[in-house]
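> turn this into a model:
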Amino acid sequence: MPTPVQRRHDLDLIRVLAVLALLLFHSGMPFVAEWGWHLKNAETSNLFLEWMNFMSTWRMSLLFFVSGAGTCLALRYRSANRYLRERATRLLIPLAVGIILVVPPQIYFERLFNGQIESGYWSFWLTIFEGRPYPDGNTSWHHLWFILYLFIYSAMALPLFLALRRVSGTLLDSMARSPSLSMLAMGLVYALTYALLSIPWPGPQNLVDDWGRFGSYFVLFVYGYVAFVHQGLGDALYRSRHLAFRLAFIALLVMNALRWNQVEWDWGLNLPSISYMTLRGLCGFFWMVTILGFARQFLNKDRPWLAYANEAVYPFYILHQTVIVVLAYYVIQTSDTIGLKFPFLVTASLVVTLGLYELFVRRSAWLRPLFGLKPLPNDGKLAQQRAEQERPVL
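Sure thing, here's the model as predicted:
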């Protein structure tokens, strides 16, 4: 049977670092070769493409797995009804606020940069209420797709999660006794889901053409829950970290060997395409297990600033891409090199996003719930205790 779960500070830190990795990733998008984005620098870099491609295999996978683990911890202290009400409040309200207030500046500066509009921001902003989806229209959730998917996953998986708490853990017990085989089997299920759904439905994240991400990230969300509701399975993944590291390294080398040597085939639901996408899925899964395992080994301890960072990470996520796009609009029009533009954009985006959170969101009683934060007691000591006990929604 599942053993009790305790707070894991390494998961808190991973959540914070994963969102900071998103800041790096999105700050690099204007400069990466081959990939499209909202704004593109005149000069792009093929070398940027390499580390961006590497990060793209595991960055969101890590967040969805950790979110599943957080769901396990949240359900430990909440009824199913309270859990769903809290998820709706803390996910759907920020999503609506984001669509109306946070995302529109991204679309506005993209249109402005591409010479598609000449009107002021107010006239542009009113067009989002026409309800025409981006890119043809100006209504979009852009990077906030993660919040929508997380809410849908939370509702979809709840019956399964409640059942897992009641039924015998025979299968999970067996998996826990075979760490390597269990890790490989879990990776293969995820990778095949990713491959078979991503080829016909590669995105974008609009819930219509994105069954590849939607299905595979749902698998990882469930994995995160199961690995923490059944401590033995979580321990099995932890013991597999060295094997996962080796396999992740090999998978990355094979993937890049195919890419760098321009090995090509007809794209579709055929053996070469499915094999490559399965390899890519396995690569991301193995890196995720590697990061989780070594973080648990070396980072599972509390830090004085971790409670603050845990609370800040959700509003930071909501705000960061808009800040990047607005700053990038001006940065990429300068005559400086990528070597100067990129670090400036990263640093400026970090400072501005943290400044918006600290000076406005964190300190405002009416803005806090709009960005998924709970009101804090007036008493400073109680506020600190509550921040330390709070389970992040991401």
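
> C-alpha only now, for contacts and for neighbours.
Will do.

> quick one: pLDDT of S67?
The model reports S67 with a pLDDT of 96.

> so what's it closest to, chain neighbours aside?
L394 (5.3 Å; C-alpha to C-alpha, 6 or more residues apart in numbering).

> do the same with Y314
The shortest distance from Y314 to any non-neighbouring residue, by C-alpha to C-alpha, 6+ apart, is to L394 (6.7 Å).

> wait, that neighbour sits on L62?
No: using C-alpha atoms under 8 Å, L394 is not in contact with L62; the gap is 11.1 Å.

> next one: phi and psi at G68?
Taking degrees, to the nearest 10, you get phi -60, psi -40 for the backbone angles of G68.

> nope, S140 is what I meant
Torsion angles, degrees, to the nearest 10, at S140: phi -160, psi 160.

> could you report the pLDDT at it?
S140 is assigned a predicted lDDT (pLDDT) of 97.

> same question for P4.
pLDDT at P4 comes out at 48.

> swap in L282?
As predicted, L282 sits at a pLDDT of 98.

> how about it: what's its closest non-neighbour residue?
A191 (5.4 Å).

> quick one: that neighbour and T278, what's the gap?
Going from A191 to T278 by C-alpha to C-alpha, to the nearest Å gives 5 Å.

> which one's more surrounded, those two?
Legend: neighbour count by other C-alpha atoms under 10 Å for A191 and T278, higher for A191 (25 against 22).

> quick revisit: what strand or helix carries the residue nearest to L282?
helix 179-198 (DSSP states H and E).

> centre of the chain to that helix, how far?
Distance, stretch centre to chain centre, for helix 179-198: 19 Å (C-alpha atoms, centre = their mean, to the nearest Å).

> list the contacts of that helix.
175-176, 210-213, 215-216, 219-220, 233, 236-237, 239-240, 243, 269, 274-275, 277-282, 285-286 (C-alpha atoms under 8 Å, 6 or more residues apart in numbering).

> next structured bit after that helix?
helix 211-229.

> list the buried ones in that next one?
Judged by neighbour count (16 or more other C-alpha atoms under 10 Å), helix 211-229 contains these buried residues: 211-229.

> can you list phi and psi of S45 for me?
Dihedral angles (degrees, to the nearest 10) for S45: phi -130, psi 130.

> low pLDDT regions in the protein?
1-6, 166-169, 377-391 (pLDDT under 70).

> where does the residue nearest to the spatial centre of it land in three-state SS?
Compute the mean C-alpha point of the chain, and by C-alpha atoms, centre = their mean the closest residue is M60, 3.7 Å away. Secondary structure, DSSP: H, G, I helix; E, B strand; the rest coil: M60 is helix.

> quick one, strands of this structure?
Assigned by DSSP state E, the chain shows no strands.

> quick revisit: quick check: the residue nearest to the centre of the chain vs L373, distance?
Separation of M60 from L373 (C-alpha to C-alpha): 22 Å.

> repeat for L101
17 Å.

> between these two, who's got more neighbours?
L373 (22 against 13).

> that one touches R90, doesn't it?
Yes: shown here, L373 and R90 form a contact pair, counting by C-alpha under 8 Å, at 7.1 Å.

> in the longest helix anywhere in the chain, what's buried?
Taking DSSP state H as the criterion, the chain has its longest helix at helix 271-299. By 16+ other C-alpha under 10 Å, the buried positions in helix 271-299 come out as 273-275, 277-296, 299.

> repeat for stretch 135-144
For stretch 135-144, by 16+ other C-alpha under 10 Å, it's 138-144.

> how about stretch 35-48?
Neighbour count says stretch 35-48 has 38-41, 44 buried, by 16+ other C-alpha under 10 Å.

> likewise for stretch 172-181?
Buried, per 16+ other C-alpha under 10 Å, within stretch 172-181: 172-173, 175-176, 179-180.

> what's the closest non-adjacent residue to L13?
Distances taken as C-alpha to C-alpha, 6+ apart place L306 nearest to L13, at 7.1 Å, with adjacent residues excluded.

> how many other residues sit next to that neighbour?
There are 17 residues near L306, going by other C-alpha under 10 Å.

> what about it, distance to W366?
From L306 to W366 the distance is 24 Å (C-alpha to C-alpha).

> need the helices for the stretch 51-200 of the chain, in chain order.
Taking DSSP state H, counting those that start in this stretch, the helices of the stretch 51-200 of the chain run over residues 59-77, 80-87, 93-97, 104-113, 121-126, 145-166, 170-176, 179-198.

> so which of those is nearest Y317?
Nearest to Y317, of all the helices of the stretch 51-200 of the chain, is helix 145-166, at 9.9 Å by C-alpha to C-alpha.

> kind regards, and thank you for your time.
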